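Q: sequence plus the predicted model coming up.
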Amino acid sequence: MTMTRLLTVRGAGALTLGSIAVLAAYLRLIRPWQLRWGATDDEVARPLPGDDHVPQPTFNATRAVTITARPEAIWPWLIQIGVGRAGWYSYDWLDNLGRRSAARIVPAFQHLAVGDLIPISPNGKAGQWVKAFEPNRWMLWGDEAGDSTWYWGLEPLDEQQTRLITRVRMHYRWASPLLLFNPLVEFTDIVMMRKCLLGIKWRAEAAAPPPTSPD
């Protein structure tokens, strides 16, 4: 074996070992953290609407944030989400065609019905469909194939604070033409969702009336 060939083989072996080490570190350290960012043990463990739609998910992420506002003050921000609507309150250059997400409640997007499409794609034709909801409490989205659900819930902690909880459950289909969408969700979903939840928190708290003091 020539020296060049030997170096090539050794280089490929080192790259493979390095890739395995990175993947192992992700699975052991990063994935458990990102699948439950901000959520308590109880929030992660408890069943939520839509869990039975995707019974054995490959990706099962529960995230949460505390917002100093009542559920009814947060709900309008949730139901106007979507590309071409109020945006995603996240990285607009990436997930909202460069348009700035709304910093106000938009009356035109305050009418939610089962069967509505929440657009995700640039052309507004692909996304998640509204499966069920209870105003000011929760809503559930899902895809047409039954491979994914997306839950949003509002749970009051007291008269001033509310927990916003999201859960994404997805079954990866490795033979699908959308195969590349799987790693996109796996490795980047937390980046968008963290920013989105904090964006909702900032907007709802900025718009909420100040708490009243007891007499």
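A: Cool, the structure landed.
Q: how many other residues sit next to residue 192?
A: Using other C-beta atoms under 10 Å, residue 192 has 16 other residues around it. All C-beta atoms are positioned from the backbone trio N, CA, C, and that covers glycine.
Q: helix/strand/coil for it?
A: helix (DSSP: H, G, I helix; E, B strand; the rest coil).
Q: secondary structure class for the closest residue to it other than its chain neighbours?
A: Distances taken as C-beta to C-beta, 6 or more residues apart in numbering put residue 90 closest to residue 192, at 5.0 Å, once the chain neighbours are dropped. Counting by three-state DSSP, the backbone at residue 90 sits in coil.
Q: quick one: residues contacting residue 90.
A: By C-beta atoms under 8 Å, 6 or more residues apart in numbering, the contact set of residue 90 is 96, 101, 192, 193, 195, 196, 199.
Q: how much space between it and residue 188?
A: From residue 90 across to residue 188, the span is 11 Å (C-beta to C-beta, to the nearest Å).
Q: next one: residue 68
A: Taking C-beta to C-beta, one finds residue 68 at 29 Å from residue 188.
Q: so the two - more neighbours on which side?
A: Taking neighbours as other C-beta under 10 Å, residue 68 and residue 188 compare with residue 68 leading, 15 against 12.
Q: so what does the more buried one have for phi and psi?
A: Per-residue torsions, residue 68: phi -80, psi 80 (degrees, to the nearest 10).
Q: let me see the contact set for it.
A: 160, 161, 205, 208.
Q: for residue 54, state which of those residues is nearest.
A: Comparing those against residue 54 with C-beta to C-beta places residue 161 closest, at 30.0 Å.
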